[in-house]
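S.K.: sequence plus the predicted model coming up.
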Amino acid sequence: MVLRIEDVHLHYGSSVRAVQGCSLSVGAGELVSLIGQNGAGKSTLVKAIMGEVPVASGSITVDGTPVSSKSYSTIRAGVSHVPENRGIFASLTVGENLRLGAVTRKDKRQVAADIERELERFPILRTYWNRGASLLSGGEQQQLSIARALLLNPRILLLDEPTLGLAPIVVDLIFDVVAALREQGMTILLVEQNAVRSLEVSDRCYVLQAPGRVLGSGTAAELGQVPAVVEYLGFSPAEVVVR
Ligand SMILES: Nc1ncnc2c1ncn2[C@@H]1O[C@H](COP(=O)(O)OP(=O)(O)OP(=O)(O)O)[C@@H](O)[C@H]1O
């Protein structure tokens, strides 16, 4: 397994116990989704993987090495994060944001070709290359955020609610991009509230319930056999047509 989370507990201060005993793993080339309602602890888990929330107990490892909050260890391990708030630099142009995505890379000669790859994936970013990022719509900013994360040429891509609040046409585009990345063999952890769309594109799925506990995991067909999951989601994952 490339990413392994074992019996992790995560707290905010002394009173909020956001995640209590979560275990999950993502294998090389797998697209794994993490679904659950508001407040289930999904974003907190992603932040902990990125070293932004300290691990109170349990372990998070990337390729067997524990992540640490001190040294950008997760980024150095090849994990790229598309945060829930998109994290783009509003005062910079689209082009400047994209170049920043590759700023830590050593293979500088390859960067121009990789930016071209992202402009082909998201043509709107070519159109708005010189535009200030703050002037983009939410859907355009999300495309910029994903393109920038991909410019790190990550080993693992973490997507935190990439379709939240976006127009249906952009939601379709983003799920198509995620499905295409999976086809290319990228290792992905996709955090989503949109359970049906996530199940459609994923190899496996974890259903998280507050406070950060795994209610069930497996393929859509396997999850359909777990009564607590069916009750929590309000539908049977077994009915979802997996791509
Ligand atoms: N910075 C914070 N300080 C204190 N409590 C927090 C903080 N961030 C999140 N929480 C709490 O931790 C719990 C898990 O929140 P989290 O954001 O991880 O859930 P989520 O599943 O990602 O939900 P959402 O879809 O709303 O982001 C919730 O009870 C939330 O109120």
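M.R.: Right, received. Where do you want to start?

S.K.: quickly note the distance from residue 195 to residue 142.
M.R.: According to CB to CB, to the nearest Å, residue 195 and residue 142 sit 19 Å apart. The way it works is simple: take the backbone N, C-alpha and C, and place the C-beta from them, glycine included.

S.K.: higher neighbour count, the two?
M.R.: residue 142 (26 against 23; other CB atoms under 10 Å).

S.K.: is it true that residue 59 touches residue 65?
M.R.: No: with contact defined as CB atoms under 8 Å, residue 59 does not count as touching residue 65 (10.4 Å).

S.K.: give me the neighbour count for residue 220.
M.R.: Per other CB under 10 Å, the neighbour tally for residue 220 reads 22.

S.K.: scratch that, residue 58 is what I was asking about
M.R.: 17.

S.K.: next: residue 126.
M.R.: Neighbour count for residue 126, taken as other CB under 10 Å: 14.

S.K.: again, but for residue 59
M.R.: Other residues close to residue 59 by other CB under 10 Å number 13.

S.K.: state the distance from it to residue 155.
M.R.: Residue 59 sits 19 Å away from residue 155, going by CB to CB.

S.K.: next structured bit after the longest helix seen in the chain?
M.R.: Selection of the longest helix in the chain by residue count, based on DSSP state H, yields helix 168-183. Note on helix 168-183: by DSSP states H and E, the next helix or strand toward the C-terminus is strand 187-192.

S.K.: contacting residues around that next one?
M.R.: Outside strand 187-192, the residues within contact range by CB atoms under 8 Å, 6 or more residues apart in numbering are 2-3, 26-35, 42-43, 45-46, 49, 155-163, 178, 181-182, 198, 201-202.

S.K.: what of stretch 100-116?
M.R.: Residues from elsewhere that reach stretch 100-116 (CB under 8 Å, 6+ apart): 75, 89, 92, 98-99, 147-153.

S.K.: residues of that stretch that come out buried?
M.R.: 101-102, 111, 114-115 (16 or more other CB atoms under 10 Å).
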